[in-house]
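>>> Sequence first, predicted coordinates after that:
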Amino acid sequence: MDLDYFAQFTDHETFTFVILPVLIFCFRIVDQSIGTIRLIFAAKGLKKLAPVFAFFESFIWLLAIGQIMKHLDNIYCYIAYAGGYAMGNFVGILLEEKLSIGTVVIRVIPKKDTTALIEYLRKQAYGVTVVNVDGMLGPTKMLFTTVRRKEARHVIGIIKQFNPNAFYTIDEVKDVSGGFFENKSKSIFSILNPFHSSLKS
């Protein structure tokens, strides 16, 4: 009787034109979000994580496409599939920004003396490299510092505090070796759990 009830429910118009498209939309959001994060992980050299995400991405995708194939005459399923794909990309990018995975190099060309800025950054345990350069306004200094992506906003705030009109650029770094990053764990827990470091200490 339960199977008969389930069959009647799935054949009902409410399920076909409302519930099913919503499910497909949600499936696509999840699998495309996972896919976006997987690509970002692969680009950042996290090769062990990418296959795990690929498994779940393909599994959820099969669930969604399987329902599409059973309801080829339902235009709402097509709309839900495409809409979920688009939303999934957006959600995946937001998730990656929240995780703040990776490392960046910040280049700074200040417009006034940098002595106080350099000293402060080094006291905060940020490695700073100083290079003499010849800029538009004559000889000046360029500062380089490599930091975790989640710390970039904080470092930029420090730079603006000491040098409000400084010119700076931020570039992604695929891999880092040595320096102040030697004792930083690159395991899955340190990437996904912001409290991992504090729990270990």
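Looks like it arrived, so ask away. Residues are numbered from 1 along each chain as shown.

>>> check contacts around residue 96.
36-37, 40 (Cβ atoms under 8 Å, 6 or more residues apart in numbering). From N, CA and C alone the C-beta is placed, and that goes for glycine too.

>>> Check the offset of stretch 63-71 from the chain's centre.
From the chain centre to the centre of stretch 63-71 is a distance of 29 Å (Cα atoms, centre = their mean, to the nearest Å).

>>> What of stretch 126-142?
Using Cα atoms, centre = their mean, the offset of stretch 126-142 from its chain centre is 31 Å.

>>> Output that stretch as CSV, nothing but the C-alphas.
Taking Å, rounded to 0.1, in the frame of the first residue of the first chain, the C-alpha atoms of stretch 126-142 are listed here in CSV:
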residue,chain,number,x,y,z
TYR,A,126,54.5,39.1,8.5
GLY,A,127,57.5,38.5,6.4
VAL,A,128,58.3,41.7,4.5
THR,A,129,60.8,42.0,1.6
VAL,A,130,61.9,45.5,0.6
VAL,A,131,63.3,46.4,-2.9
ASN,A,132,64.5,49.7,-4.2
VAL,A,133,62.7,50.7,-7.4
ASP,A,134,62.4,53.7,-9.7
GLY,A,135,58.8,54.8,-9.9
MET,A,136,56.9,57.6,-11.7
LEU,A,137,57.9,60.0,-9.0
GLY,A,138,61.5,58.9,-8.7
PRO,A,139,63.3,56.4,-6.4
THR,A,140,61.1,54.6,-3.9
LYS,A,141,60.7,51.2,-2.2
MET,A,142,58.5,48.3,-3.1
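
>>> neighbouring contacts of it?
Outside stretch 126-142, the residues that touch it by Cβ under 8 Å, 6+ apart are 107-111, 114, 118, 121-122, 143-147, 155, 179-180.

>>> that older thread, can you redo the contacts of residue 96 as CSV with neighbour count?
Listed next are the contacts of residue 96 as CSV, based on neighbours: other Cβ atoms under 10 Å:
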residue, neighbour count
36, 21
37, 22
40, 19
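
>>> what comes up buried for whichever strand in the chain runs longest?
Longest strand in the chain, counting residues (DSSP state E): strand 138-148. Residues of strand 138-148 classed as buried by neighbour count (16 or more other Cβ atoms under 10 Å): 140-143, 145-148.
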